[in-house]
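In: model this:
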Amino acid sequence: MRIVIAEDEALIRLDLAEMLEEAGYEVVAQVGDGAAAVEAIREHRPDLAIMDIKMPEMDGLTAAKTVGEEKIAPVVMLTAFSDKDLVERARDAGVMAYVVKPFSIDDLRPAIGIARSRWEEWHALTAEVADLADRLETRKVVDRAKGILMKQLKLSEQDAFRWIQKTAMDRRLGMKEVAEAVISGLPQK
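Out: This is a model prediction of the structure:
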């Protein structure tokens, strides 16, 4: 797994990188502020980013939100603070896991695993929602085209559907494309 580390304290950053590499992870970049973190994540497209909350230039929450909005990589947040408000702000920024300092590799492994798993689930759900939205849009367009065919050509609903389906198969087009052509191509009375 390829990881970008963003931690403003150099000693913690180096220890974290060493800890991760000894555990079999590949650290592809190490940076000391949030703005550099966003750039490194954009450049390297890692499997995961580990960020401190409090960093110069741009804090970790803002960086995590940017990375999440751009759908680049899941973020595990590191912090010395565990107050409820900060945890909620991290969640709202799209952080997938949260680890409180001091930490060990045994604290990081489950957080990394959970973050990757949640990220993959989120991507799958996003794809499913997009697919469902497309199918709903197709259904609406096909229904509208059926109505036009029923009115213009005096077809039954079933025959109008079959006409769209057969035309799509004959012309090697999607039913949505045929339906859109019906809607735009036939004069409406």
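
In: in which helix or strand would I find D107?
Out: helix 105-153 (DSSP states H and E).

In: tell me how far that helix lies from the chain's centre.
Out: 12 Å (Cα atoms, centre = their mean, to the nearest Å).

In: and what of stretch 145-164?
Out: Worked out by Cα atoms, centre = their mean, stretch 145-164 lies 40 Å from the chain centre.

In: flag every buried residue along it.
Out: A145, K146, I148, L149, M150, L155, A160, F161, W163, I164 (16 or more other Cβ atoms under 10 Å). Bear in mind the C-beta positions are built from the backbone N, C-alpha and C, glycine included.

In: so which elements touch the helix holding D107?
Out: The contact analysis (3 or more Cβ pairs under 8 Å, 6 or more residues apart in numbering; DSSP states H and E) places helix 105-153 against helix 10-22, strand 48-52, strand 75-79, strand 97-100, helix 157-171, helix 175-185.

In: and the nearest residue to E39 once chain neighbours are set aside, how far from D8?
Out: Leaving aside its sequence neighbours, E39 sits nearest to V31 (Cβ to Cβ, 6 or more residues apart in numbering; 7.9 Å). Noted for V31: a distance of 9 Å to D8, by Cβ to Cβ, to the nearest Å.

In: tell me what angle the helix or strand bottoming out on mean pLDDT in the chain forms with strand 48-52.
Out: Ranking every helix and strand in the chain by mean pLDDT, DSSP states H and E puts helix 84-92 at the bottom, with a mean of 81. Angle, helix 84-92 to strand 48-52, by axes from the mean of the first three to the mean of the last three Cα atoms, to 10 degrees: 150 degrees.

In: so which of the helices and strands packed on helix 105-153 is nearest M58?
Out: With Cβ to Cβ as the measure, strand 48-52 is the member of those nearest M58 (10.1 Å).

In: what residues does that closest one touch?
Out: Applying Cβ atoms under 8 Å, 6 or more residues apart in numbering, the external contacts of strand 48-52 come out as 1-9, 12, 16, 20, 34, 37, 41, 60, 63-64, 67, 73-79, 108, 112, 115-116, 119.

In: next SSE after it?
Out: With DSSP H and E, the next secondary element past strand 48-52 is helix 60-69.
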